[in-house]
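Visitor: Below: sequence and its predicted model.
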There are 2 protein chains.
Amino acid sequence: MTDLLQSALNPRSVAVIGASENIHKIGGRPIHYMQQHGYRGAIYPINPTRQEIQGHRSYAALADLPEVPELALIVVGGDKTIPAVEDCASRGVKSAVIIASGFGETGPQGKELEQHMLQAARRTGMRLYGPNTQGLANFGTGAIAGFSTMFIEVPPKDGPIGIVSQSGGMSAMTYGLLRGQGLGVRHVHATGNEVDVSVGEMALAVAHDPDVKLLLLYLESIAHPDILAQAAAVARERDLPIVAVKAGRTAGGQRAASSHTGSLANEDRVVDAFLRQHGIWRVRDPHEQARAAHAYLKGWRPEGRRLVVISNSGASCVMGADAADDEKLPLAELSAQTQSRLAQKLPGFATTHNPIDITAALLSNSGLFGDVLPVVADDPAADLFFINIPVAGAGYDVERFARDAAAFEAGTGKPVAVAAWQESVASAFRAHGIATFPNEGDAIGVLAQLARHTALMRRPRLRPHPPAGRAASVQLPEHGERFLNEADSLELLGGHGVPVAQMTLCRSAHEASAAFERISASGRQVVMKACSSDIPHKSEHGLVALGVASARDAAGLFERFWAKMDELSAARDGVIVAAMHKGRHEFMVGAHVDPVFGPVVVVGDGGKYTEALNDCAVLLPPFSAADVERELGKLRIAPLFGGLRGEAPLDIAALSHLAVAVADFVQAVPDRIASLDLNPVIVGSAGEGAVAVDALIEMRARG
Amino acid sequence: MTDLLQSALNPRSVAVIGASENIHKIGGRPIHYMQQHGYRGAIYPINPTRQEIQGHRSYAALADLPEVPELALIVVGGDKTIPAVEDCASRGVKSAVIIASGFGETGPQGKELEQHMLQAARRTGMRLYGPNTQGLANFGTGAIAGFSTMFIEVPPKDGPIGIVSQSGGMSAMTYGLLRGQGLGVRHVHATGNEVDVSVGEMALAVAHDPDVKLLLLYLESIAHPDILAQAAAVARERDLPIVAVKAGRTAGGQRAASSHTGSLANEDRVVDAFLRQHGIWRVRDPHEQARAAHAYLKGWRPEGRRLVVISNSGASCVMGADAADDEKLPLAELSAQTQSRLAQKLPGFATTHNPIDITAALLSNSGLFGDVLPVVADDPAADLFFINIPVAGAGYDVERFARDAAAFEAGTGKPVAVAAWQESVASAFRAHGIATFPNEGDAIGVLAQLARHTALMRRPRLRPHPPAGRAASVQLPEHGERFLNEADSLELLGGHGVPVAQMTLCRSAHEASAAFERISASGRQVVMKACSSDIPHKSEHGLVALGVASARDAAGLFERFWAKMDELSAARDGVIVAAMHKGRHEFMVGAHVDPVFGPVVVVGDGGKYTEALNDCAVLLPPFSAADVERELGKLRIAPLFGGLRGEAPLDIAALSHLAVAVADFVQAVPDRIASLDLNPVIVGSAGEGAVAVDALIEMRARG
C-alpha cells in the first residue's frame, strides 16, 4: 500500500476545517458520512464557534488538536483557503483535500493562487487533493473526506469497484449508476483541478487495493501520463481492468473542459493511442462505464470473439446477427453434431444454426432454454453467448428461464449476456446474478468490449525505453536552422536504420549530368529535386521534376532550380538527383514530440492529400512491427494490403519495420526533434520492401 | 379511408375460426380483447364443439353465420388452415388474418402452400394477412384480430402512434416500450410472411388515419417498394413522420431473416437510398424507434441544427459538447448580449458561453434554471436545447426545475430534451410532459434525428418517372452479346447526354497511325485500348497503352492488340485511339437494375480499387444534381472537393450532372440494361467538366 493510499484513503485521523453541525452542509456531511460508514480513526471538527459538532469535541484551530491529523479536509472557501492550506502544511498534515472552487478553472489569477497552495504543501511534503473537488470517499475504511449528496440518494455499499474522477459530478453519477445496479463500490475519489494529485496518481493508489476488481476513471485532461501508465502497469500485473472516460474528445469538448477544470487540451488520437498502449479501455461516458461493470466483475476474460445468439423471437435473431456484425463479432459456426442435437430438442420450424431461434414454442415448453443451452455449451466454437428475450410475461415461466441460464453460465465459465427490456423479465435474470441489459446493442456491445479489452490487456508490451546508448549515437547537426534539408534528413534517418532512397546531392550542372548518367545506366528513371532547408514544401514551387529525359535535361533542370532557389532567397544546399522508386502504394510515416505524451509516430496513406484524408494509425513508442501491422489493419485502405485482382500483397511488414526504426530514432533524441515527415514512403509487393523517398526533419528550437 | 383499412381495421363483423372459451388461448384472446377494448361490431366465434363462447353464440361453421363477416381471423393450424381460407374466400369474406406458422418460412413446400391460399383469396378479391403472424390490433375501433400477450402485460391506451411490423414479436415489443413511456398507441399490426398484404400496404392504410401522428415500421425485407413509397408520399403530404427498422442489414442478419419470415435479401445500401429517397428515417432497432417517439409527438420540426447545452455539471458540459460533435450538431454561438445577460444571472465561476455550466450553484439557488432559460430562448442562434442534470436529489428543488423547463419549452416552441438518469429527477420532468432521456447520448441523438429527419421530409422530390418518350428514343443494339464493347458503350451514352471522351475506333494499323497524328497535332497525348465485347477488363490483359509516343508506335500497338485479341479468341471490334484526359481526380459512376428497387446509380471514388475502398454514394432515380452533390459530400474523399493547398475546387457539379444523365439513360431502358460502369470518370477543376473515358454496358439476358 502506497503512502498516498495510507494518509488519504486510510488516515488514522481526519480534521475537518470549517466543520458544521448541519449534516446537509458541506462541512457537516463528511463527519456524518464517516460516522455512518464505520470510520475508526479520530475525527476532529474545527470550528471556533462551537464546543461540539455531531458528538465530537470541536476545536478552534488546527493548533489546538491533541495530535497532528493525517488528513485535513478544508471546507472553508474564499480568502480562508490558502491560509488553511499553509497551516496544515506547516504543522505536518500529510494530505489535504481542498473543496473550494474559484481557482485554476477561472483563469490565470486562480492558477497563481493554486501555485501558492502547492508551494506551501511542497515545503513539507504534504499532498493536495483539489481544489474544486467533491473530495475522497473510501467505503472500505469509512474515510469520507467528501460531501457528495449522492451518498444520501443511493446508500453506499462497500464492494470491488474503484472510481477515480477529475469531476465530482461524474464520480457521483458513476457511483449512483453502479449502486443502482446493486453493485458495491469502495472508492469514489474526485481530484478536481489536480494542483498536485492527479487521477493517474490516485488510480495508482487504488490499483494497489487488492479488493478492487474494476477501476473506472474519468479524465478531462492527462497532464502526467507517466503515472497513469504506472497505474495501468500495476493493474495489468493484477489482471485488473481499467475502463476510462476521457472527455474533451472534440474541439468543442476541449473548450468546455478548459472552463470546467482549467484542463490543458490533449490531442485526442494521441490519447487513444496512449490508453490503448497501456491496456486501458476507453468509453464515451459514465453510462458506458457502468453498463459493463457487472460483466467485468464476473472475471470473464474471453479467449475469442465468436458469438452465439439465442432468442425466442426470430426478429431478435435477425437484429442480433446485425448487431454482432456491427461489433465485428463473428457468429460461431455450430458443428453438425450440435445442430442435430438441437434439432432433437427444438420444434420443426425452429432454427438450429446460429442465431438459434427457439421460437414462440417457448410459451408452451418452458424447458426449451434448459434443453438448448447445455447443447450449445458443449460446442467449442462458441466464445460468447447472448440470450435475447424480447417477449415474455404472463404464461411464460421466466423464473425457470433465469434458473436455466444461471446454471448454463456456471457450467460454461464463458460470458453470457441477456437482453430483456421488460422489467419483470429482467429482474428475474438479475436475481440469479446474470448480466442483464435492456437491449441487444448494449448486451452485444459489452460482450465485444470484454473480448477486445481482454486481448488488449494480454497484448505483449515492449520495455518503455529504447536500447541504452542509442541516444548518444545520434548525431544531429548544430547549424541552428529550423528544418533539415531533404538530403540531410534522408542521410540522418538512413544512418539510423530507416530505409531511404539513395540520392546524390549535386552542387553543379555537371555533377547533375554525371549523376543522371550513372542512374540511367542502371536502367532506372531519374528524379530531380531542389534541396534547401528554407523550402520544406518544394513541389509547391515547381522544384521537383520526375522522369528526367537526358543528361542535358538534368543540367538544364539544375540551372533552373538553382536560379529559382536564388529568386526565393533560399539557402542553396544543392539539387538532388535520384533514381525513381515506383513501388505499389505511397504511404507516409511521420513523427512528432507531443508536449505531454512525448514521441508519437503516425503511419498512414500517403501522397499529397494525406492530411485531408486522415487515414492513419497513431502509435506511441515503444512498439513492435506487429503493433504497427495491427493498427494499419484498421485503416480504410487496409483492403488493398492483401492484394486485389490478382496482385501480390503489399510489403506491409517492411513498412512496419520502417515505422519502428523511425520510432527508435525519435525516442533517441526527443528533446532535439520537433517533427519528422517521410512522405511518400513507397511500398512494393511483399518482399520488395519500403523506402522513404522524401524526408523533412523539423528541429526543436533550443530552449 | 381505404377499403383495406375499412375491412381489416374497422370491420362491421369479425369471425374467429377456431374460437376458444379460454382467454389465454390464441383462439380465445382476440374475443376477450375486442370485448375489453370496445369493439362495436358483431363477433362470431366458430367452434363446432360449443354453444357459446365468452358470451357470444358459437357457430359450427362459417356457413351457419347470420351474415358474411367482413373479417375472419383464422386461428386453426396445420391441415385446417387452407380449407378455412378457401371457405372464407368463397363466401365473400373481405379480409382474412392467418395466424398459423409453418408455411413460407420453412422452405419451398411451405411457399407452395402459401400460393394455394393466395390463389383462393385472389379469386374472390379477399385480402390475406399472414400467415405466421400475431395479427392486427386497432385500439381506435377495438378490432383486435390478434393475440399478443403484450396487451395483457401493458394495458392498451388509444393514441397517436401506428406500428406496422413484419414480426409479431417486434410489434409487441415496440408497443410495450411506447406504452411503458405512457404513450398511447392505436395500431399494432403484424404482417408475418406477407403472402398478400405487406408492411408497405398496411402502412399506406394506417397513414390515412388522420389521428396517427407517428408511424413506426419494422421490415425484414422490402418486396414491394412501390406501395411503401406510396405510403411515404401520403405521410409526407400530411407531415406524418415514418421511422423504420429494416433488419437484416448485414449478411448474417439476412441469413437469419430468411429463416424467420422467408424474406428475400435486399442490398442494404440500396435500402438506405430508398428509405432516404422517400423521407423515411431509418434506425437500428425498436429501442431507437421508441426513444424518439415522445419528441416526434411534440410536433417539433426544427429548422436548423444549432444546439445549446445547459447543465449543472461542468463535466456534463464537456461530454455534451463531445456528443454534439459526434452527431454533427454545431454548438450555437450565443450573442454577446445573451452572454452578458447570462453573466448577470449566474455566479462568477459559471460559464456564459455555450455549453452553459450553471454549476453546483443550482443547489443553493433553485431559480437558476428559471433565470437562465428565458435568456437563452431569446437568442435566435439556438435551434435545439439540451438540459443535462446528472446530479440532483435531496436539497435540489427538482420540481421547480421541471416547471421552469416546461414553461421554457412552451415559450420557445423549439425542441427541448432533458437527460436525467436518476428516476426521482426524470419522473419530475416527465410529469411536466418533457422529453426526458437517461443519458446525453440518447437526448442529443434524438435532437439530431428530429433536425435531420425534418430536413429529409422537406427535401424537394422529383416526379417518379423520366420524361415521356425518352425510352422510345434509346436505341440499343440487338446483337445479343452480354457486354457492349467500350466504343459502343461510350457512343450510346454520349448520344444520351453523358459527357464521354471522343475516340476513334480503328480497324487497321493505318487508321491507328492516322488517328494518332490527328490527336497529337492538337497537342494532346494519346491512349490506345483494345476494343472487344468479349474482354470487359482489358487492362488485365495488357490491352491498354498510355502516352503512345509516335504514329509508328501506334501502328505497332494496333498489331500487338489485334494479335492478342485473336489469341484470346475474342471478338476483334477494333482498337480505340483517343486523346488522354488528365483532369484532377478519377471518379466512377455505375448503375445497375435492382430486381426489387429498379435502377440504382452509384457515384464514388474511382480507379482500380473502387470496389475494395467502397467510398461511394448510392442514389435511386429520379434525383437531381443537387441530390448527388449532397450525397457526394458524405464521401471520405469529400475533403478534397473544395480544393486543398491552393488548388481550385473540383467540378463536382459536372460530375453530378453526369450522374443525372446516367440515371435518365438507365431509367429509359431498365428492362434491357443489367449494369453499366463508367470508370474512370475524369473530373477537372470547377468549370472544366467531367468526362467518362471508359465505359462498359452489360445487357440483360432476353427473357
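Guide: Yes, it's here. This one's a predicted model, so the numbers in the text were calculated from it and none came from an experiment.
Visitor: how distant is stretch A:623-643 from the center of its chain?
Guide: Chain-centre distance of stretch A:623-643: 20 Å, with Cα atoms, centre = their mean, to the nearest Å.
Visitor: Least confident secondary structure element in chain A?
Guide: Across the helices and strands of chain A, the lowest-confidence element by mean pLDDT, DSSP states H and E is helix A:470-473, at a mean of 52.
Visitor: For the following helix or strand past it, name the packing helices and strands.
Guide: Later in the chain than helix A:470-473, the nearest helix or strand by DSSP states H and E is strand A:483-484. In this structure, strand A:483-484 packs against strand A:695-699, with contacts taken as 3 or more Cβ pairs under 8 Å, 6 or more residues apart in numbering or on different chains; DSSP states H and E. C-beta here means a position set from N, CA and C on the backbone, and glycine is covered the same way.
Visitor: Any residue of the strand it packs on touching chain B?
Guide: No. Using Cβ under 8 Å from any Cβ of the partner chain, strand A:695-699 stays clear of chain B, coming no nearer than 15.3 Å.
Visitor: Run the chain-centre distance for that strand.
Guide: With Cα atoms, centre = their mean as the basis, strand A:695-699 stands 29 Å off its chain's centre.
Visitor: Mind giving me the packing neighbours of it?
Guide: Packing partners of strand A:695-699 (3+ Cβ pairs under 8 Å, 6+ apart): strand A:483-484, helix A:486-494, strand A:673-683.
Visitor: by how many degrees do that strand and strand A:673-683 diverge?
Guide: If you take axes from the mean of the first three to the mean of the last three Cα atoms, to 10 degrees, strand A:695-699 sits at 170 degrees to strand A:673-683.
Visitor: Now tell me what touches strand A:695-699 from outside.
Guide: Outside strand A:695-699, the residues within contact range by Cβ atoms under 8 Å, 6 or more residues apart in numbering or on different chains are A:476, A:481-484, A:486, A:488-490, A:492-493, A:500, A:536, A:672-678.
Visitor: partners of that strand, with directions?
Guide: Next to strand A:695-699 in the sheet, as set by DSSP bridges, lie strand A:483-484 (antiparallel), strand A:673-683 (antiparallel).
Visitor: Let's have the ones you listed in a markdown table, adding distance to B:Gly299, mean neighbour count and mean pLDDT.
Guide: A markdown table is the format used below for the strands paired with strand A:695-699 (distance: least, Cβ to Cβ, whole Å; neighbours: other Cβ atoms under 10 Å in any protein chain shown; pLDDT from 0 to 100):
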| stretch | distance to B:Gly299 | mean neighbour count | mean pLDDT |
| --- | --- | --- | --- |
| strand A:483-484 | 60 | 22 | 90 |
| strand A:673-683 | 53 | 22 | 95 |
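Visitor: helix, strand or coil for A:Tyr396?
Guide: coil (DSSP: H, G, I helix; E, B strand; the rest coil).
Visitor: Can you check the pLDDT for it?
Guide: Looking at A:Tyr396, its pLDDT is 87.
Visitor: Contact partners for it?
Guide: A:362-363, A:366, A:425.
Visitor: ok, it to A:Leu368 distance?
Guide: 11 Å (Cβ to Cβ, to the nearest Å).
Visitor: picking up where we left off before, quick one: the strands paired with strand A:695-699 as TSV, columns for distance to A:Ser624 too.
Guide: TSV is the format used below for the strands paired with strand A:695-699 (distance: least, Cβ to Cβ, whole Å):
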stretch	distance to A:Ser624
strand A:483-484	28
strand A:673-683	18
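Visitor: Which residue would you name as the spatial centre of chain A?
Guide: A:Leu275 (2.4 Å; Cα atoms, centre = their mean).
Visitor: Do I have it right that that one meets A:Ala244?
Guide: Yes. Between A:Leu275 and A:Ala244 there is a contact under Cβ atoms under 8 Å: 6.1 Å.
Visitor: what is in contact with those two at once?
Guide: In contact with both A:Leu275 and A:Ala244: A:281-282, using Cβ under 8 Å, 6+ apart.
Visitor: My reading is that A:Val245 is in a strand; is that accurate?
Guide: Yes. Assigned with three-state DSSP, A:Val245 falls within a strand.
Visitor: quick one: contacts for it?
Guide: A:170, A:217-219, A:282-286, A:288-289, B:319.
Visitor: Neighbour-wise, give me the winner out of these.
Guide: B:Met319 (36 neighbours; other Cβ atoms under 10 Å in any protein chain shown).
Visitor: Just the local confidence number for it, please.
Guide: B:Met319 is given a pLDDT of 95.
Visitor: how about stretch A:179-196: buried residues?
Guide: A:179, A:183, A:185-196 (16 or more other Cβ atoms under 10 Å in any protein chain shown).
Visitor: ok, the residue in the stretch 451-600 of chain A positioned nearest to chain B - contacts?
Guide: In the stretch 451-600 of chain A, the residue found nearest to chain B is A:Glu540; the distance is 7.1 Å by Cβ to the nearest Cβ. Contacts for A:Glu540 (Cβ under 8 Å, 6+ apart) come out as B:645-646.
Visitor: hang on, the earlier thing: between the helices and strands packed on strand A:695-699, which one is closest to A:Ala617.
Guide: strand A:673-683 (13.3 Å; Cβ to Cβ).
Visitor: and the helix or strand containing A:Arg123, anywhere near chain B?
Guide: A:Arg123 is located in helix A:108-124, with elements delineated by DSSP H and E. No. Using Cβ under 8 Å from any Cβ, helix A:108-124 stays clear of chain B, coming no nearer than 8.7 Å.
Visitor: after that helix comes which helix or strand?
Guide: Using DSSP H and E, the helix or strand that follows helix A:108-124 towards the C-terminus is strand A:127-129.
Visitor: surely A:Ala235 meets A:Ala207?
Guide: Yes. At 4.6 Å, A:Ala235 counts as touching A:Ala207 under the criterion of Cβ under 8 Å.
Visitor: got any residues that touch both of those two?
Guide: A:215, A:242.
Visitor: re earlier: which one in the contacts of A:Tyr396 is the model shakiest on?
Guide: Among the contacts of A:Tyr396, A:Leu363 has the lowest pLDDT, at 77.
Visitor: how many neighbours does that residue have?
Guide: Quick note: A:Leu363 (other Cβ under 10 Å) scores 17 neighbours.
Visitor: Is the residue nearest to A:Ser522 when sequence neighbours are not counted bridged to anything, and to what?
Guide: Among residues not flanking A:Ser522 along the chain, A:Ala579 sits closest, at 7.3 Å (Cβ to Cβ, 6 or more residues apart in numbering or on different chains). When bridges are called by DSSP bridges, A:Ala579 pairs up with A:Val526.
Visitor: How many residues are close by A:Ala579?
Guide: Burial measure for A:Ala579: 20 neighbouring residues, criterion other Cβ under 10 Å.
Visitor: Endpoint to endpoint, stretch A:190-200 covers what distance?
Guide: Start-to-end span of stretch A:190-200 (Cα to Cα, to the nearest Å) is 12 Å.
Visitor: what is the mean pLDDT for it?
Guide: pLDDT averaged over stretch A:190-200 gives 95.
Visitor: Please apply the same query to stretch A:497-513.
Guide: On average, the pLDDT along stretch A:497-513 is 95.
Visitor: same deal with stretch A:620-639?
Guide: 96.
Visitor: If we go by neighbour counts, what in that stretch is buried?
Guide: Quick answer for stretch A:620-639 (16+ other Cβ under 10 Å): A:620-625, A:627-629, A:631-632, A:635-638.
Visitor: Distance from the longest helix belonging to chain A to the middle of the chain?
Guide: Using DSSP state H, we find that the single longest helix of chain A is helix A:440-458. Chain-centre distance of helix A:440-458: 15 Å, with Cα atoms, centre = their mean.
Visitor: Stretch A:38-57 now?
Guide: For stretch A:38-57, the distance to the chain centre is 42 Å (Cα atoms, centre = their mean).
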